[in-house]
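1. Just need the structure, nothing else, for what follows:
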Amino acid sequence: QVQLVESGGGLVQAGGSRKLSCATSGRTFTMIGWFRQAPGKERQFVAAIRQLGGVTYYADSVKGRFTISRDNANNTVYLEMNSLNPEDTAVYYCAAGTTYYTITNYAQQNRYDYWGQGTQVTVSA
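-> Next up, the predicted model:
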């Protein structure tokens with residue numbers, strides 16, 4: 001049974017940092033990504049990392065502030081978030097896929113087969 005379990009969410013002050021974890025089990029993946037959904041908005045891509053090679057991708061809104069990394073030995077992917085601002089407030093979801101990803105589709109939600117339950121990150125002003 002495939003499982004993706006996020007952790008690390010919580011309340012943080014603007015300018016602060018937070019590190020999210022996504023523990024996976026059940027199978028191997030080609031790509032693991034993070035998406036987020038703010039209140040009243042659609043879910044959007046944040047970052048992704050290829051399991052083979054570790055190539056990373058970021059949304060422009062988080063580039064330079066967020067870092068995605070992986071620990072393949074422990075089947076865990078991390079999202080380190082720095083310089084947080086209230087616009088980063090959202091439920092953060094971990095997603096994993098087994099398909100072949102290209103530079104044109106890694107941010108598409110429908111390319112990811114498995115999703116975690118989400119973890120809330122709230123950034124106070």
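2. mind listing the strands for the protein?
-> Listed in chain order, the strands of the chain (DSSP state E) span residues 3-7, 10-13, 18-25, 31-37, 44-50, 56-58, 66-71, 76-81, 90-97, 114-115, 119-124.
3. Spit out the contact partners of the residue nearest the centre of the chain.
-> For the chain, the residue nearest the mean C-alpha position is residue 34 (1.8 Å; CA atoms, centre = their mean). Residue 34 sits next to 20, 22, 46, 47, 48, 68, 77, 79, 92, 93, 94, 95 when contact means CB atoms under 8 Å, 6 or more residues apart in numbering. All C-beta spots, glycine's among them, are computed from the backbone N, C-alpha and C.
4. List the beta-bridge partners for the fourth one.
-> Put plainly, it is residue 47. On DSSP bridges, the residues paired with residue 47 through beta bridges are residue 34, residue 58.
5. just the last one next, same as before
-> In this structure, residue 95 bridges to residue 33, residue 115 when assessed by DSSP bridges.
6. What is the neighbour count of it?
-> Neighbour count for residue 95, taken as other CB atoms under 10 Å: 23.
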